[in-house]
Every structure is written in C-alpha cells, then in structure tokens.
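Q: for reference, the sequence and a predicted model appear below.
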Amino acid sequence: MVNYLQPGETITVTAPYAVTSGMIVVVGSIVGIAAFDAAISTSVEVATEGVFTLNKTSALAITAGDLLYVDDTNHVVNKTSSAQKLIGVALADAANPSSTVKVRLNGAYTT
C-alpha cells in the first residue's frame, strides 16, 4: 500500500502543556499516554492503545468494566461523561479512596 504510514498505536502530537511520562495527554479529540516528558509546544509520542495504570479521581469507586473518561483539567480519569472524552474501560475495581485504576485505552478518537 503506497498510502500506509504507520500502525498508529503510538503517534506524535504537539504537547498542549508540559507533560510527564505516563501522563494523560489530550489534543483536540486525540487522547493518549505520554511516552516521555515534553515541554509545552514540543513534539511528544503518545500511546493510543494498550493497558495502563492511570491516576483517577480519588474519591470515586470504579468497577471493572466501567467506561472511563478523562478530566483534562486534573489529568485523571473518572466516570463522568459530560464534556469529557472517553478514554477506555476499567480492567479492575478501584476503591474509594484510591489514586489509580487499570485502564484499557479504547484507541478511538471521541468528541
């Protein structure tokens, strides 16, 4: 295929803010996990597929199978869909309180 570019599990975006490795990065409708630290307005590789341990809203119980959304202001995941982007699905329960949850990224771009 002459028009094939790459598999797409990891893509390059321009960091909308200073990011650290493992941080949730939102660029428009693209949501990914930073592969390395990057300064604002520099290129950063983000994973758009895979399973990651991500920071979550601490005061929130999550059940395996729950849809998870990104809170781009606080750079955490939660279960609130209003005005937030779907990031994936919880793979394990996470108690209230707790700081992280195992997430399988959905690999799709959402509005």
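A: Perfect, I can see it now.
Q: can you show me the strands along this structure?
A: 10-14, 24-27, 30-34, 43-47, 51-55, 67-71, 76-78, 85-90, 100-105 (DSSP state E).
Q: residues in contact with residue 10?
A: 32, 35, 45-48 (CB atoms under 8 Å, 6 or more residues apart in numbering). Placement of C-beta: from N, CA and C, glycine included.
Q: got a PyMOL select line for the buried ones in the residues you listed?
A: Under the burial definition 16 or more other CB atoms under 10 Å, those of those that qualify are selected in PyMOL by:
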select buried, resi 32+35+46+47+48
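Q: which one of the contacts of residue 10 is nearest residue 7?
A: Set against residue 7, the nearest of the contacts of residue 10 by CB to CB is residue 48 (10.1 Å).
Q: just give the closest residue to residue 81, not the sequence neighbours.
A: residue 69 (5.4 Å; CB to CB, 6 or more residues apart in numbering).
Q: related to what we said a few turns ago, which of the contacts of residue 10 sit farthest apart?
A: 35 and 48 (11.0 Å).
Q: could you count how many residues lie near residue 44?
A: By other CB atoms under 10 Å, the residues close to residue 44 number 23.
Q: can you redo the contacts of residue 10 as TSV with distance to residue 54?
A: Below are the contacts of residue 10 laid out as TSV (distance: CB to CB, whole Å):
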residue	distance to residue 54
32	11
35	14
45	17
46	13
47	11
48	14
